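Asks: Got a sequence here, can you build the structure:
(one chain, ligands or ions: 5)
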Amino acid sequence: MQQASTMKSPPGTTMVAALVHVLVAFSAASSAAAAATAGEQPLSKIGIHRTTFEIHPGASVDVSPLLLGLQGQDQEWVTIGYSNPRPSKDDWIGVFSPANFSDSICPAENQWVAPPLLCTAPIKFQYANYTSTDYVKTGQGSLRLQLINQRSDFSFALFSGGLSNPKLIARSDSTTFVNPKAPVYPRLAQGKSWNEMTVTWTSGYSTKEATAFVEWGVQGQIQILSPAVTLTFSRNTMCGPPARTVGWRDPGFIHTGFFKDLWPNLKYTYRIGHRLFNGQIVWGHQYSFKASPYPGEDSLQRVVIFGDLGKAEIDGSNEYNDFERGSINTTYQLVKDLKNIDMVMHIGDICYANGYLSQWDQFTAQVEPIASTVPYMVASGNHERDWPGSGSFYGNIDSGGECGVPAQNMFYVPAENREQFWYSTDYGMFRFCVANTELDWRPGTEQYKFIEHCFSSVDRQKQPWLIFLAHRVLGYSSATFYGEEGTTEEPMGRESLQSLWQKYRVDIAMYGHVHGYERTCPVYENVCVTKASDKYSGVFTATTHVVVGGGGASLAEYTAGPRARWSHAQDLDYGFAKLTAFNHSTLLMEYKRSRDGSVHDSFTISRDYRDILACGVDNCPSTTMAS
Ligand SMILES: *[C@@H]1O[C@H](CO)[C@@H](O)[C@H](O)[C@H]1NC(C)=O
Ligand SMILES: *[C@@H]1O[C@H](CO)[C@@H](O)[C@H](O)[C@H]1NC(C)=O
Ligand SMILES: *[C@@H]1O[C@H](CO)[C@@H](O)[C@H](O)[C@H]1NC(C)=O
Ligand SMILES: *[C@@H]1O[C@H](CO)[C@@H](O)[C@H](O)[C@H]1NC(C)=O
Ligand SMILES: [Fe+2]
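Replies: Ligands and ions are numbered 1, 2, ... in the order given. The predicted structure is shown next:
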């Protein structure tokens, strides 16, 4: 099938286009598996490589204002006006950045076919009739769009021919932020030790023109200057299309500063900046954060956990099939409750850029109010990592050719090797062991050793709350797409790990990937060890598994018919979980809906230290007869 579709490529189509065809066909063929991910990036609906130029002198597009961010903003609204003497109902506006999109160079794939005229996808699009409902009659329209500062200028183009066969009719002048290179969208993450926080941000400044740094300290006291490191990645680190072709966009420079020797729980302020070689300093905005508690410290500790958030545009652009509308409500609820949140864990399927790299900037802009204030810890999901022949455990195309590289660079995680993406992190009485389901976890692998070490190296008297996190469901789920395969998990998930969960008394295992909420009873080897309850107390019996993948991407379905015995609570809506450790003996798990922040399921665990030590099913070594 792949051969055939390559052979049939019409003249004028390049290999790039042909490969995109193949991949589209390939993903359609494996749509049963794709349902699991429901992640069709709206930008992939645009056949940009098929664009033809049919500039019409009577058509026009204009934009105002032409200069953005005059008050130092990183986001601003623009108004686009357009007219077309021959309007049609599926005309659309594409936003391009850099503005000179015809400048983009298409690699010549072979000598027989002409390269496409355009090989850079727009960063956003909207139909011309979106707010101008009589556009088809009058040929006149206007649109308001939100732009974020992402290192380059912007232009706007009017297309006819729909998304799939674009005909470029007119294009606008360019608009730009005052300083397109400005340092933007800081995201905090826990460092490798309890008293270290990190901040990662993006700018247009390479190490050849400026020194990146953070200025930070306790308000009113002497401020510290610390160096930040600078990384980037290039097109040739992408594994395939669209990331390597039409979806590629220069990621600029990604900087990470380290706040070290923090005093526990103290509030710090910080500013990111770049010192240019002419001495001038370019500052980012000022932000603040609270340092993490010492592992084991007894204080109120609240961690929000969800998967599969994604991004959506508040201007209504980039919509296809209600792709990730839910992410706006989730983001809004988290921002609203931020003073009651100490850390956020986004367990995979971060922004579904799927190879359209501009979307990573837009995601970091969306979560900026959260990520600049509390540590925003990510895990790897299929939409970050999976690519055939790239060493991912699954050989699908869900990452759109990114094969993990943007995720590993855009967000810091305290992993020994950020490419492997598994790590542990402590927050007071919590220990989180974060796995990477896109790499092999089975016994004998490096990841399995890491998971066991993470569980076994925690002192439960001090950190009683042991939480396992992973993107795909390694425990239990009633999702239709597992049911259709005759299973309730990723094959070899719990079979590989349940003896570790049981031996080390993992309290809760949480997953994303299935876009919805589900909670089990304390379950071991498929059987409820304890009856499900909203109040557990006393001796640890078995791990409770929670799927919380309703962050924002289109919702999943549950298998019809009788529920599995282990499935205690389900909700098919957008939402997130919040863990509250009140002290060493009481933990609360709440599941909240994103539409209104209301709690739709919850349970508490109350126990003493001896209840963790107590022997239950399969979790104590045999004792000696000697006394
Ligand atoms: C605008 O055009 C799109 C694409 O043709 C169409 O699906 C949509 O219904 C139209 N909207 C309005 C408000 O006419
Ligand atoms: C845009 O790029 C084209 C092709 O490289 C070049 O000829 C043209 O001068 C550029 N236009 C502007 C406004 O920079
Ligand atoms: C722990 O917190 C819970 C909930 O606030 C409270 O009911 C309980 O008395 C506390 N236990 C201890 C030992 O402080
Ligand atoms: C977001 O929240 C609003 C207000 O509760 C609700 O009306 C809307 O349906 C929600 N959107 C989604 C996609 O759930
Ligand atoms: Fe996923």
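Asks: Nearest spatial neighbour of the closest residue to ligand 2 within the stretch 301-450 of the chain, chain-adjacent residues omitted?
Replies: Here the stretch 301-450 of the chain gets closest to ligand 2 at one residue, Ser358, 18.9 Å apart by Cβ to the nearest ligand atom. Yep, even glycine has a C-beta here, placed from its N, CA and C like the rest. Taking Cβ to Cβ, 6 or more residues apart in numbering as the measure, Ser358 lies nearest to Ile123, with 4.0 Å between them; neighbours along the chain are not counted.
Asks: From Asp596, how far off is that neighbour?
Replies: Using Cβ to Cβ, to the nearest Å, Ile123 is found at 32 Å from Asp596.
Asks: cool, and Ala577?
Replies: Applying Cβ to Cβ, the value for Ala577 to Asp596 is 16 Å.
Asks: the more surrounded of those two?
Replies: Neighbours of Ala577 and Asp596, each counted by other Cβ atoms under 10 Å, are more numerous for Ala577; the result is 24 against 9.
Asks: quick one: contacts for the closest residue to Arg565 other than its chain neighbours?
Replies: Counting by Cβ to Cβ, 6+ apart, Cys528 is the residue found nearest to Arg565 once chain neighbours are left out, at 6.0 Å. Shown in contact with Cys528 (Cβ atoms under 8 Å, 6 or more residues apart in numbering): 520-522, 565-566.
Asks: And Lys124, by the same measure?
Replies: Listed by Cβ under 8 Å, 6+ apart, the contact partners of Lys124 are 43, 94-95, 145, 313, 317-318.
Asks: By neighbours, which of those residues wins?
Replies: Highest neighbour count within the contacts of Lys124: Gly94, with 28 neighbours (other Cβ under 10 Å).
Asks: ok, it touching Ala157?
Replies: Yes - using Cβ atoms under 8 Å as the test, Gly94 is close enough to Ala157 to be in contact (5.0 Å).
Asks: who touches both of those two?
Replies: Pro122.
Asks: My reading is that Ala170 lies in a strand. Confirm?
Replies: Yes - going by DSSP: H, G, I helix; E, B strand; the rest coil, the assignment for Ala170 places it inside a strand.
Asks: Test my guess that Leu466 contacts Cys433.
Replies: Yes - if you go by Cβ under 8 Å, Leu466 and Cys433 touch, sitting 7.5 Å apart.
Asks: Mutual contacts of those two, please.
Replies: Overlap between the contact sets of Leu466 and Cys433, as judged by Cβ under 8 Å, 6+ apart, is given by 455, 506.
Asks: per-residue pLDDT, the closest residue to Tyr294 other than its chain neighbours?
Replies: The spatially closest residue to Tyr294, leaving aside those adjacent along the chain, is Pro264, at 4.9 Å (Cβ to Cβ, 6+ apart). Per-residue pLDDT puts Pro264 at 98.
Asks: now do Pro241
Replies: For Pro241, the model assigns a pLDDT of 92.
Asks: ok, now Thr37?
Replies: We have a pLDDT of 41 for Thr37.
Asks: Ok, the one 3 residues further on next?
Replies: Per-residue confidence at Glu40 stands at 82 (pLDDT).
Asks: From what I see, the residue nearest to Tyr294 and Pro295 are in contact.
Replies: No - taking Cβ under 8 Å as the contact criterion, Pro264 and Pro295 are not neighbours in contact, 9.8 Å apart.
Asks: Are there residues contacting both of the two? Which ones?
Replies: Overlap between the contact sets of Pro264 and Pro295, as judged by Cβ under 8 Å, 6+ apart, is given by Trp194.
Asks: between these two, who's got more neighbours?
Replies: For the pair Pro264 and Pro295, the greater number of neighbours falls to Pro295 (20 against 15), based on other Cβ under 10 Å.
Asks: Quick check on the residue lying closest to that one once chain neighbours are set aside: phi, psi?
Replies: The spatially closest residue to Pro295, leaving aside those adjacent along the chain, is Asp426, at 4.2 Å (Cβ to Cβ, 6+ apart). Comment: the main-chain dihedrals of Asp426 come out as phi -110, psi 140, following degrees, to the nearest 10.
Asks: how many neighbours does Asp426 have?
Replies: Using other Cβ under 10 Å, Asp426 has 20 neighbouring residues.
Asks: who's it bridged to?
Replies: When bridges are assigned using DSSP bridges, the partners listed for Asp426 are Arg431.
Asks: Would you check that my belief about it contacting Phe432 is correct?
Replies: Yes - counting by Cβ under 8 Å, Asp426 sits close enough to Phe432 to count as a contact (7.4 Å).
Asks: as a whole number, average confidence for the helix or strand harbouring Ala157?
Replies: If you go by DSSP states H and E, Ala157 is part of strand 155-160. Strand 155-160 shows a mean pLDDT of 97.
Asks: That strand and ligand 1 in contact?
Replies: No - figure legend: strand 155-160 not in contact with ligand 1 (Cβ under 6 Å from any ligand atom); closest approach 10.8 Å.
Asks: Give me the contacts around that strand.
Replies: With contact meaning Cβ under 8 Å, 6+ apart, strand 155-160 is reached by 51, 54, 59, 61, 63, 80, 82, 84, 86-88, 90-97, 99-101, 122, 128, 166-175.
Asks: among these, which ones are buried?
Replies: Buried members of these, scored by 16 or more other Cβ atoms under 10 Å, are 51, 59, 61, 63, 80, 82, 84, 87, 91-97, 99, 101, 122, 128, 166-172, 174-175.
Asks: What residues does the stretch 1-150 of the chain have near ligand 4?
Replies: Counting by Cβ under 6 Å from any ligand atom, no residue of the stretch 1-150 of the chain is near ligand 4.
Asks: Kindly tell me how buried the closest residue to ligand 4 within the stretch 401-550 of the chain is, as a neighbour count.
Replies: Using Cβ to the nearest ligand atom, Gly550 is the residue of the stretch 401-550 of the chain that sits closest to ligand 4, at 9.6 Å. Gly550 is surrounded by 31 other residues when neighbours are defined as other Cβ under 10 Å.
Asks: Tell me if I'm right that it and Glu518 touch.
Replies: No - with the criterion set as Cβ under 8 Å, Gly550 and Glu518 do not qualify as a contacting pair; they are 9.8 Å apart.
Asks: Give the intersection of the neighbour lists for the two.
Replies: Between them, Gly550 and Glu518 have Asp571 as joint contacts when contacts are counted by Cβ under 8 Å, 6+ apart.
Asks: Tell me the confidence at the residue in the stretch 451-600 of the chain positioned nearest to ligand 2?
Replies: Using Cβ to the nearest ligand atom, the closest approach of the stretch 451-600 of the chain to ligand 2 is made by Ala553 at 36.3 Å. Ala553 is assigned a predicted lDDT (pLDDT) of 94.
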